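Participant: Only the shape, not the letters, is given here:
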Ligand SMILES: [Zn+2]
């Protein structure tokens, strides 16, 4: 598999990405580990490696931490942030403990904020560069109305304002 390195703003963002990205061989989740300083060689160019625990020897994903928290993501695209928003909001609704539920709702709001970084003020829909995968592009083609910036702003207005939580922060 390719030796390409994926760029992420934080370990937290890598973990969110791995939620959406199962092993291409067996479909099980990847585990994220940071390469030890001693194991230089191939991993010298990456800060984190994710590999499937089930099919061990197979391709790992390599990540390098880069960019500022205020940049838009290079790892998770606008459609994937909307997926994460949906998953997190669902978890918030199912959580019985109030404080935890509120925290999850704030995380959902953060996912919307991350999605909103892919828009500019003049356009209600994101540009082609906001989509990183064929799946995401297909979702946009089939349901463009889900990507309305105004819709996202309306959804965010229903959620608590994220304070400390920031997917871009380490
Ligand atoms: Zn696997």
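Facilitator: That came through, no problem. Keep in mind that what you see is a predicted model, and the values were worked out from it rather than measured. Numbers count the residues shown, from 1 in each chain.
Participant: Scan the helices and strands of the protein for the one with the lowest mean pLDDT.
Facilitator: strand 30-33 (a mean of 84; mean pLDDT, DSSP states H and E).
Participant: is the helix or strand following that one anywhere near the ion?
Facilitator: Following strand 30-33 in sequence order, the next helix or strand is strand 48-52 (DSSP states H and E). Yes - using C-beta under 5 Å from the ion, strand 48-52 reaches the ion at residue 52. Where you see a C-beta, it was placed from the backbone N, CA and C, and this is true even at glycine.
Participant: Strand partners (parallel or antiparallel) of strand 48-52?
Facilitator: If you go by DSSP bridges, strand 48-52 pairs up with strand 30-33 (antiparallel), strand 61-65 (antiparallel).
Participant: I'd like to know which elements the longest helix along the chain is packed against.
Facilitator: When the chain is scanned for its longest helix (criterion: DSSP state H), the result is helix 98-116. Contacts defined by 3 or more C-beta pairs under 8 Å, 6 or more residues apart in numbering; DSSP states H and E place helix 98-116 against helix 78-94, helix 149-157.
Participant: Tell me which of those is the most buried.
Facilitator: Compared across the helices and strands packed on helix 98-116, helix 78-94 shows the largest average neighbour count, a mean of 19 (mean count of other C-beta atoms under 10 Å).
Participant: so what secondary structure elements neighbour that one?
Facilitator: helix 11-20, helix 98-116, helix 134-142.
Participant: okay, the ones you listed in a markdown table with mean neighbour count next?
Facilitator: Shown next, in a markdown table, are the helices and strands packed on helix 78-94 (neighbours: other C-beta atoms under 10 Å):
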| stretch | mean neighbour count |
| --- | --- |
| helix 11-20 | 19 |
| helix 98-116 | 19 |
| helix 134-142 | 14 |
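Participant: Quick check: which of those is nearest to residue 45?
Facilitator: helix 11-20 (15.3 Å; C-beta to C-beta).
Participant: what about that closest one, near the ion?
Facilitator: No - applying C-beta under 5 Å from the ion, one finds helix 11-20 out of contact with the ion, separated by at least 12.3 Å.
Participant: taking the mean pLDDT, what do you get for that helix?
Facilitator: In this model, helix 11-20 has a mean pLDDT of 93.
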